[in-house]
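Novice: Give me coordinates for this.
(one chain, ligands or ions: 1)
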Amino acid sequence: MDDDLGALPPKEDFSGWYNELLWRAEIMDVRYPVKGLYVWYPFGFALRRNVYGELRALLDVDHAETLFPLLIPETELAKEGEHIKGFEDEVYWVTHGGLSPLEVKLALRPTSECAIYPMYHLWVRSHADLPLRVYQIVNTFRYETKHTRPLIRLREITSFKEAHTVHATWEDAEAQVHAALALYRQFYATLCVPVIVSKRPDWDKFPGADYTIAVDTIMPDGRTLQIGTVHHLGDHFSKTFAITYEDVDGEQQFAQQTCYGISERCIAALISMHGDEKGLVLPPAVAPVQVVIVPITIGKRKEEVLVAARVIEEELAAAGLRVKVDRRDLRPGAKYYYWEMRGVPLRLEVGPRDLDAGQVTAVTRLGDKSTVPRASLRFGVADLLARFTGTLTRRGEEHLLSHARVVDTMEELSVAIEKGVAIVPWCGERTCADFIEETVNASVLGTEVQAGFSCAGGSACISCGKPGTGALVGRSY
Ligand code: ZN
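Specialist: Predicted coordinates:
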């Protein structure tokens with residue numbers, strides 16, 4: 001992979017760009033011989049580990065991590081009628097143990113409500129056990145019939161973080177919904193990925209939920225990608241699985257529940273939002289290599305330069321940075337190209353001239369070049385990385401703003417939807433949503449929209465003219 005293959009396809013050709021980037025930056029290998037299943041390259045996995053490390057750190061404050069079985073008996077999965085109906089087309093079944101047919105078929109989890117809640121029935125006894133907040137990061141399986149795509153639409157979701165909470169009252173569960181959304185916002189801020197939060201229409205909510213709030217981002221081609229969901233489950237599942245607790249008065253009550261998930265789509269969003277025609281552009285918080293040092297060893301002072309590079313590496317590593325000296329026998333240009341493809345935020349060049357001047361040359365992944373005094377290198381590097389994060393956040397916000405319009409006529413919506421998403425007044429009726437969706441070939445994604453732009457528009461439903469409120473309309477992945 002050291003050969004210079006030139007630039008990636010232009011990002012305007014998003015699919016071409018994305019597919020080529022995934023293998024050239026060694027994120028995912030798509031050659032596994034089962035459709036919809038992909039393999040993490042070690043570099044991609046290192047990125048995954050850092051991204052999920054950030055998510056774990058946020059959850060671990062008041063959630064406990066656990067691990068439930070992959071197999072769910074058909075008898076449990078079938079208990080919640082609405083829920084199973086929502087997944088029945090997508091479930092993989094284990095029907096045999098060796099050559100013997102199983103008495104009860106076993107599902108590969110499409111999601112884990114029906115694995116976890118029979119145990120919650122046993123675990124939850126009293127109001128003193130609540131709230132209960134548990135999460136796991138696991139693979140789940142869905143028999144996708146749509147076109148599969150690495151990290152975005154998969155038959156094996158390899159990295160599903162699912163949290164499942166239990167509360168005494170509906171209001172407590174609602175407070176958890178808001179806490180989960182705040183946590184997701186913080187997580188995506190770490191990835192410098194801007195998000196739009198909205199309440200999914202009733203027909204698009206999680207099967208068995210009271211309501212669903214979704215977190216979307218806008219991809220480079222203007223289509224939305226759902227990168228997180230939070231569900232208020234009410235007492236649907238607690239009634240099905242008999243999850244009850246004894247309240248302070250000694251009465252048995254059904255518990256109230258929430259669940260919320262994020263998959264490796266968070267990495268698809270991260271890659272797509274920041275990358276360019278040279279490759280990945282990674283926020284320092286999650287980059288597997290944050291600083292690469294390239295020794296410029298032309299001429300007689302090779303040993304001296306290599307020693308200086310090693311000392312810098314040790315100094316930055318001691319300060320907690322993920323740093324690497326590229327000692328390979330390649331010309332500097334080939335090394336720049338290699339690390340740019342892998343999204344390293346900062347490159348330090350150390351040559352004889354830098355040694356003489358008591359400085360190091362620093363170049364960010366976005367091409368900003370500066371010199372940092374050798375004596376204050378640690379602080380200089382920390383400052384450059386912090387500024388780089390700020391730049392990615394700002395660019396992300398600009399991307400979101402330039403792909404979102406507030407409109408109040410169908411004509412304006414037709415134009416806006418070709419570029420990204422739009423907020424339009426909608427009365428809340430299904431027939432009007434259907435009409436909007438058919439007219440502009442997009443989806444009514446949600447209401448009560450929260451994003452980094454004004455969501456106020458006119459108030460007359462663009463379909464029927466009755467009073468309406470802002471709905472998010474877009475074409476989604
Ligand atoms: Zn209407």
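Novice: Find the nearest non-adjacent residue to Leu58, please.
Specialist: With CB to CB, 6 or more residues apart in numbering as the criterion, Leu58 has its nearest non-adjacent residue at 5.2 Å, and that residue is Leu183. Every residue, glycine included, has its C-beta placed from N, CA and C.
Novice: other SSEs contacting the host helix or strand of that neighbour?
Specialist: Here Leu183, judged by DSSP states H and E, is contained in helix 170-190. Applying 3 or more CB pairs under 8 Å, 6 or more residues apart in numbering; DSSP states H and E, one finds that helix 170-190 makes contact with helix 42-59, strand 156-167, strand 211-218, strand 224-234, strand 256-262, helix 265-274.
Novice: got the contact list for that helix?
Specialist: Outside helix 170-190, the residues that touch it by CB atoms under 8 Å, 6 or more residues apart in numbering are 54-55, 58-59, 130-131, 133, 163, 165, 167, 194-195, 197, 213, 215, 217, 227-228, 230-235, 256-258, 260, 262, 266, 269, 283, 285-286, 393.
Novice: so it versus helix 265-274, what angle?
Specialist: Angle between the axes of helix 170-190 and helix 265-274 is 40 degrees (criterion: axes from the mean of the first three to the mean of the last three CA atoms, to 10 degrees).
Novice: Check the offset of helix 170-190 from the chain's centre.
Specialist: When distances are taken as CA atoms, centre = their mean, to the nearest Å, helix 170-190 is centred 15 Å away from the chain's centroid.
Novice: buried stuff in the helix or strand following it?
Specialist: Proceeding N to C from helix 170-190, the next assigned helix or strand is strand 196-199, under DSSP H and E. Buried residues in strand 196-199, counted by 16 or more other CB atoms under 10 Å: Ile196, Val197, Ser198, Lys199.
Novice: again, but for stretch 319-336
Specialist: For stretch 319-336, by 16+ other CB under 10 Å, it's Leu321, Arg322, Val323, Lys324, Val325, Asp326, Pro332, Lys335, Tyr336.
Novice: Is the first one in a helix, a strand, or coil?
Specialist: When the structure is reduced to helix, strand and coil (DSSP: H, G, I helix; E, B strand; the rest coil), Leu321 reads as coil.
Novice: residues contacting it?
Specialist: Gln290, Val291, Val381 are the contacts of Leu321 under CB under 8 Å, 6+ apart.
Novice: quick one: which of those is nearest to the ion?
Specialist: Nearest to the ion among these is Gln290, at 50.9 Å by CB to the ion.
Novice: Okay, buried residues for the helix holding Leu183 please.
Specialist: For helix 170-190, the neighbour count (16+ other CB under 10 Å) marks 172-174, 176-177, 179-181, 183-184, 187-190 as buried.
Novice: Kindly report the same for stretch 89-96.
Specialist: Using 16+ other CB under 10 Å as the test for burial, stretch 89-96 gives Val91.
Novice: returning to what we had before: Serialize the buried residues of stretch 319-336 to a markdown table and add fields for distance to Val138 and pLDDT.
Specialist: As requested, these are exported to a markdown table (distance: CB to CB, whole Å; pLDDT from 0 to 100):
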| residue | distance to Val138 | pLDDT |
| --- | --- | --- |
| Leu321 | 31 | 98 |
| Arg322 | 26 | 98 |
| Val323 | 32 | 98 |
| Lys324 | 31 | 98 |
| Val325 | 37 | 98 |
| Asp326 | 36 | 98 |
| Pro332 | 43 | 94 |
| Lys335 | 38 | 97 |
| Tyr336 | 39 | 97 |
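Novice: Pretty sure Ala255 sits against His167.
Specialist: Yes. Between Ala255 and His167 a contact is recorded at 6.7 Å, counting by CB atoms under 8 Å.
Novice: For His147, what are phi and psi?
Specialist: phi -60, psi 120 (degrees, to the nearest 10).
Novice: Count the neighbours of the residue in the stretch 251-400 of the chain that the ion sits nearest to for me.
Specialist: Going by CB to the ion, the ion is nearest to Leu400 of the stretch 251-400 of the chain, at 27.0 Å. Leu400: 21 surrounding residues under other CB atoms under 10 Å.
Novice: One more: Val61?
Specialist: By other CB under 10 Å, the residues close to Val61 number 8.
Novice: Quick check, Ile116 in contact with Tyr135.
Specialist: No. Counting by CB under 8 Å, Ile116 does not reach Tyr135; the two are 10.2 Å apart.
Novice: quick one: pLDDT of Phe82?
Specialist: Check again: residue 82 is Glu, not Phe. Listed pLDDT for Glu82 reads 80.
Novice: in the sheet, who's paired with the nearest residue to Arg347 once chain neighbours are set aside?
Specialist: Computed as CB to CB, 6+ apart, the closest residue to Arg347 that is not its neighbour in sequence is Val363, at 4.8 Å. Per DSSP bridges, the residues bridged to Val363 are Arg347, Lys369.
Novice: what's near enough to touch Val363?
Specialist: Taking CB under 8 Å, 6+ apart, we find Val363 in contact with Leu346, Arg347, Glu349, Lys369.
Novice: could you redo the last one with a cut-off of 10 Å?
Specialist: Val363 makes contact with Val294, Tyr336, Glu340, Leu346, Arg347, Leu348, Glu349, Lys369, Ser370, Leu384 under the criterion CB atoms under 10 Å, 6 or more residues apart in numbering.
Novice: Roughly how far does Arg250 sit from His121?
Specialist: No Arg there; residue 250 is Gly. Counting by CB to CB, to the nearest Å, the gap from Gly250 to His121 is 20 Å.
Novice: Looking at the two, which has the bigger crowd around it?
Specialist: Taking neighbours as other CB under 10 Å, Gly250 and His121 compare with His121 leading, 15 against 7.
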